[in-house]
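Participant: 3D model of this:
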Amino acid sequence: MTRARHHVIGPEVRGHAVAEATGTVRGRRDRLVGLSHSLYDEPETALREHRSAAKVAALLTEAGFAVTRGVGDLPTAVVATYGTGDLVVALCAEYDALPGIGHACGHNVNGAAAVGAALGLAAVADLLGITVKLVGTPAEEDIGGKVLLLEAGVFDDVAAAMMVHAAPEDTVGASSLAVSAWDVTYRGRPSHAALAPWEGVNALDAMTLAHTAIGLLRQQLPPGTLVHGVVSEAGQAVNVIPALAQARYELRAPTSEQLAYARRRVRSCFEAGALATGAELELVPHGHDFADLRQDTSMTESYARALGELGRTPVPRHGELMASTDMGNVSHVVPTIHPTVGYDTGGAKPHTAEFARYGKSEGADRAVIDGATALAHVGVELATDAVQRRRLLDGVADRRHRPGGSAAARPPR
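Facilitator: Numbering: from 1, shown residues only. Alright, predicted model coming up:
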């Protein structure tokens, strides 16, 4: 695709572009709120978001975007582009739900807000010399679709990446914990638990020893490092030595480097369980490691200003840690923001059924529109500020000239 070249745009054009983008978002309010409600009403879990992806794709196709589905070998991924400008601005839309409790992380709000921002920026794409790229990112709650899309090159031409996340309050600047997960399997040998227990190899004992060792290890792990797991299989009959035990464990740490250290220490605990019991150990990575989130300072300041103009006052969370997100991996490669857009949830926190109950509230609907509008304002400012535009374009050029192209900048797994 040939990128159109545009001259630096002055403040007077910026004001017009902000007004046009804002008007477009507000003019699409019913469609955007309808999308949020529809995603909420038909929650789909990781890699099963077929209806959700289709809804996003249909709305963008109707708006004139060039839409591609199934990108990066992810059937539920969507990439939609509008415009031909040299500055590529990406909006990341999440739409996967949680098993059993639906949109308890507010991804219906996230996804609809990203689509709204893309529509707002598309209305001024030719004026600003930008390409708007909406990236529908599956499985944030599981394997990390953004990591796969990053590896597939979807972000190679992107100068800036943005999204907002539903939350009980407006915040900017927070980081996130790097996270890694394992599927853990111990295989032993069955035997009658009363007649000949000595002939068996107890897989449950191996899991118990590993879990105990991890519990003792926590005292020696650096602050902010977390380990948590659930056991899904631990034998079938009480009078049979368990021959199979299975679990999933997650490790979290403030940085990717600290995560790697924790992974080595926790692996030793699992190996100890196998060594002590004679069971065979299998450790299989579940999904992809999520890197810590690094939010771009200039973009964060721009978003905070935009939110202030909408009557909101975001709480600065610089240096504080939230949970984990695969947007962290994107932020190690592309200048990124991932603020939260808040609404009243009755005190409920994300990842609870109580939080999910507010997903179609009046506050959540306002968060969709305000989040979309604020992101669109950031996109306008990036395109019309000569210093920021040059910084972002130079960043793309720098990645392309590194050995191995943009892939050289991707965080190690």
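Participant: in the stretch 301-413 of the chain, which spans are strands?
Facilitator: Taking DSSP state E, counting those that start in this stretch, the strands of the stretch 301-413 of the chain run over residues 315-316, 321-322, 336-337, 340-342.
Participant: scratch that, the stretch 1-150 of the chain
Facilitator: With DSSP E, counting those that start in this stretch as the criterion, the stretch 1-150 of the chain has strands spanning 66-69, 78-82, 87-94, 130-137.
Participant: can you list the strands that the shortest one pairs with?
Facilitator: Read that as strand 66-69. strand 78-82 (antiparallel) (DSSP bridges).
Participant: and the angle for the strand it pairs with with strand 130-137?
Facilitator: Interaxial angle of strand 78-82 relative to strand 130-137 (axes from the mean of the first three to the mean of the last three Cα atoms, to 10 degrees): 170 degrees.
Participant: name the residues that touch the helix or strand bottoming out on mean pLDDT in the chain?
Facilitator: Here the helix or strand of the chain ranked lowest by mean pLDDT, DSSP states H and E is strand 321-322, holding a mean of 88. Residues outside strand 321-322 that contact it (Cβ atoms under 8 Å, 6 or more residues apart in numbering) are 174-177, 224, 254, 293, 340. (C-beta placed from N, C-alpha, C; glycine too.)
Participant: swap the cut-off to 10 Å and go again
Facilitator: With Cβ atoms under 10 Å, 6 or more residues apart in numbering as the test, strand 321-322 has contacts from 165, 167, 171, 174-177, 224, 252-254, 292-293, 338, 340, 350.
Participant: gap between His288 and Ala178?
Facilitator: 11 Å (Cβ to Cβ, to the nearest Å).
Participant: same question for Met162.
Facilitator: 21 Å.
Participant: Leu87 contacts Ala160, correct?
Facilitator: Yes. If you go by Cβ atoms under 10 Å, Leu87 and Ala160 touch, sitting 8.0 Å apart.
Participant: can you count the residues close to Gly34?
Facilitator: Residues near Gly34, counting by other Cβ atoms under 10 Å, number 15.
Participant: okay, helices next: where are they in the stretch 101-250 of the chain?
Facilitator: 107-122, 125-128, 145-151, 203-217 (DSSP state H, counting those that start in this stretch).
Participant: quick revisit: among the strands of the stretch 301-413 of the chain, where is the model least confident on average?
Facilitator: Among those, strand 321-322 carries the lowest mean pLDDT, at a mean of 88.
Participant: please name the strands paired to it in the sheet, noting orientation.
Facilitator: Assessed with DSSP bridges, strand 321-322 is paired to strand 175-176 (parallel).
Participant: pLDDT on the strand it pairs with, on average?
Facilitator: Per-residue scores along strand 175-176 average to 96.
Participant: again, but for stretch 198-209
Facilitator: 98.
Participant: buried ones in it, by neighbour count?
Facilitator: 200-209 (16 or more other Cβ atoms under 10 Å).
Participant: any idea how far it is from the chain center?
Facilitator: 38 Å (Cα atoms, centre = their mean, to the nearest Å).
Participant: circling back to that earlier point, deepest of the helices of the stretch 101-250 of the chain, which one?
Facilitator: Ranked by mean neighbour count, the helices of the stretch 101-250 of the chain are led by helix 107-122 with a mean of 30 (mean count of other Cβ atoms under 10 Å).
Participant: tell me the contacts of Val238?
Facilitator: Taking Cβ under 10 Å, 6+ apart as the test, what Val238 contacts is Ala193.
Participant: got any residues that touch both of His288 and Ala178?
Facilitator: Joint contacts of His288 and Ala178 (Cβ under 10 Å, 6+ apart) are Asn329.
Participant: who's more crowded, the two?
Facilitator: Comparing His288 with Ala178 by other Cβ under 10 Å, the one with more neighbours is Ala178, at 26 against 22.
Participant: Ala117 against Val124, yeah?
Facilitator: No. Using Cβ under 10 Å, Ala117 is not in contact with Val124, being 11.8 Å away.
Participant: just tell me which of the strands of the stretch 301-413 of the chain ends up closest to Gly371.
Facilitator: strand 340-342 (4.0 Å; Cβ to Cβ).
Participant: for the closest one, which outside residues touch it?
Facilitator: 106, 109-110, 113, 163-172, 174, 303, 307, 310, 312, 314-315, 317, 322, 350, 363-364, 366-372, 374-375.
Participant: 8 Å instead?
Facilitator: Taking Cβ under 8 Å, 6+ apart as the rule, strand 340-342 contacts 109, 113, 164-171, 174, 307, 312, 322, 367, 370-371, 374.
Participant: which among those residues end up buried?
Facilitator: 109, 113, 164-168, 170-171, 174, 307, 312, 322, 367, 370-371, 374.
Participant: against Gln258, how distant is the most far-flung residue of the chain relative to its centre?
Facilitator: Most distant from the centre of the chain: Leu195, at 51.8 Å, with distances by Cα atoms, centre = their mean. Leu195 sits 48 Å away from Gln258, going by Cβ to Cβ.
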